[in-house]
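Student: Output the structure for:
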Amino acid sequence: MNGNAPILAGVDGSTSALRATAWAARTAARRHAPLVLVSTMLMPVPYGAGIGPPAGYFSGLEAEGERRLAEAEEHARLAAAGAGELTVSTEFHIGNPVPILRERARAARMLVLGTRGLGELTGTFVGSVAVALVSHGPCPVAVVRGRGQDGEPPAEGPVVVGVDGSSTSEAAVAAAFEEAAVRGTSLIAVHAWSDASFAAMAGLEGLGTEGLAWDEIQTKERLVLAERLAGWQERYPEVSVERVVRRDRPLRGLLEPAARAQLLVVGSRGRGGFSGMLLGSTSNALVYSAPCPVLIVRRQPGG
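Tutor: Okay, here's the model as predicted:
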């Protein structure tokens, strides 16, 4: 990741987006990276042939967009106070948020979004906007989820990363170590595999798995995790790492440590127990129900 690349945050005036903006501001300040706040609004749909928007419509859209951005910028500067120097810029665009944010994210270090929004971002990470940006975004995407009644994202706790050995998992491990180092916290590396997925790989589904040598399999899975972490602990000696290998579904294996974490990092898709990450049930469940922000990392071109 380019240290000079900005962190991008989607702004739509919602409480969720403001929480995401604050999180993005602190994240940018820690890295001495610029923060770019982007607000988009859709074009109106004509009521009939030759019927356009009323006079003053576009100026009204622009005024509302600028109001949202000003509110978000103030929120960002307050949130980053004490975390480091923060440079903030704002952008307002009229158009579909998906292609706009995706295009702007090409040069970004990270794209940060809330869990739900207003107007054109309504249902973010519930509808098509979320699916498009998470599944096909050109940079890591952070979904800022909260914990507790106030819905605020946790500021303390370890970073948790899901490890399965795929190329995107490797990218997630790299991002997780960096996040833990920048945040001055520890890392929990989780390699979760279930007997059901193992049986499928071994061609034993429907035959029963009671006779399998689970201790031997567990030992092999520990070796897999150790191999995936090799080199990263040497690169980040200040990061304390807890290794967790579980004979369990990836969802439960990740949600349990995430309950005390400040960030959960996963690859955009994987293999084995993580197959189809962010395209299947495991990914969807993490984005919808994780008790902390989730950072979805895609494999970089050539990686």
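Student: list the buried ones in stretch 151-161?
Tutor: Pro153, Pro154, Gly157, Pro158, Val159, Val160, Val161 (16 or more other CB atoms under 10 Å). Bear in mind the C-beta positions are built from the backbone N, C-alpha and C, glycine included.
Student: Check stretch 177-193 too.
Tutor: Going by neighbour count (16+ other CB under 10 Å), the buried part of stretch 177-193 is 177-181, 183, 185-193.
Student: quick one: which of those residues is nearest Asn4?
Tutor: Among the buried residues of stretch 177-193, Glu178 lies closest to Asn4 (CB to CB), at 15.0 Å.
Student: Give me the distance between the host helix or strand of that closest one and the centre of its chain.
Tutor: Element membership for Glu178, per DSSP states H and E: helix 167-183. Its chain's C-alpha centre and that of helix 167-183 lie 12 Å apart, by CA atoms, centre = their mean, to the nearest Å.
Student: helices or strands next to that helix in the packing?
Tutor: Contacts defined by 3 or more CB pairs under 8 Å, 6 or more residues apart in numbering; DSSP states H and E place helix 167-183 against helix 15-31, strand 159-162, strand 187-193, helix 214-229, helix 232-235, strand 263-267, strand 294-297.
Student: Output these as a markdown table; include the columns distance to Pro250.
Tutor: As requested, the helices and strands packed on helix 167-183 are arranged in a markdown table below (distance: least, CB to CB, whole Å):
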| stretch | distance to Pro250 |
| --- | --- |
| helix 15-31 | 24 |
| strand 159-162 | 6 |
| strand 187-193 | 5 |
| helix 214-229 | 13 |
| helix 232-235 | 20 |
| strand 263-267 | 9 |
| strand 294-297 | 13 |
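Student: Include mean pLDDT and distance to Gly95 when you put those into TSV, please.
Tutor: Shown next, in TSV, are the helices and strands packed on helix 167-183 (pLDDT from 0 to 100; distance: least, CB to CB, whole Å):
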stretch	mean pLDDT	distance to Gly95
helix 15-31	94	18
strand 159-162	95	34
strand 187-193	88	39
helix 214-229	79	41
helix 232-235	92	40
strand 263-267	92	30
strand 294-297	90	24
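Student: Tell me, please, where in the stretch 151-300 of the chain the pLDDT is lower than the cut-off.
Tutor: 165, 193-215, 217, 269-284, 299-300 (pLDDT under 70).
Student: Mind doing that once more with 80?
Tutor: The model of the stretch 151-300 of the chain has pLDDT under 80 over residues 165-168, 192-220, 247-250, 268-288, 298-300.
Student: just to revisit the earlier point, Throw the buried residues of stretch 151-161 into TSV and include distance to Asn96, thanks.
Tutor: What follows is the buried residues of stretch 151-161, written out as TSV (distance: CB to CB, whole Å):
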residue	distance to Asn96
Pro153	27
Pro154	33
Gly157	36
Pro158	38
Val159	33
Val160	34
Val161	33
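Student: re the thing from before, CA atoms of the helix holding Glu178 as CSV?
Tutor: Output of helix 167-183 as CSV, limited to C-alpha atoms (Å, rounded to 0.1, in the frame of the first residue of the first chain):
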residue,chain,number,x,y,z
SER,A,167,-3.8,-15.1,-2.1
THR,A,168,-6.4,-12.7,-0.6
SER,A,169,-5.7,-14.2,2.8
GLU,A,170,-2.1,-13.4,2.4
ALA,A,171,-3.0,-9.8,1.6
ALA,A,172,-5.3,-9.7,4.6
VAL,A,173,-2.4,-11.0,6.9
ALA,A,174,-0.2,-8.2,5.5
ALA,A,175,-2.9,-5.6,6.2
ALA,A,176,-3.6,-7.0,9.6
PHE,A,177,0.0,-6.8,10.8
GLU,A,178,0.2,-3.2,9.6
GLU,A,179,-3.0,-2.3,11.3
ALA,A,180,-1.9,-3.8,14.6
ALA,A,181,1.5,-2.1,14.4
VAL,A,182,0.0,1.3,13.7
ARG,A,183,-2.6,0.9,16.4
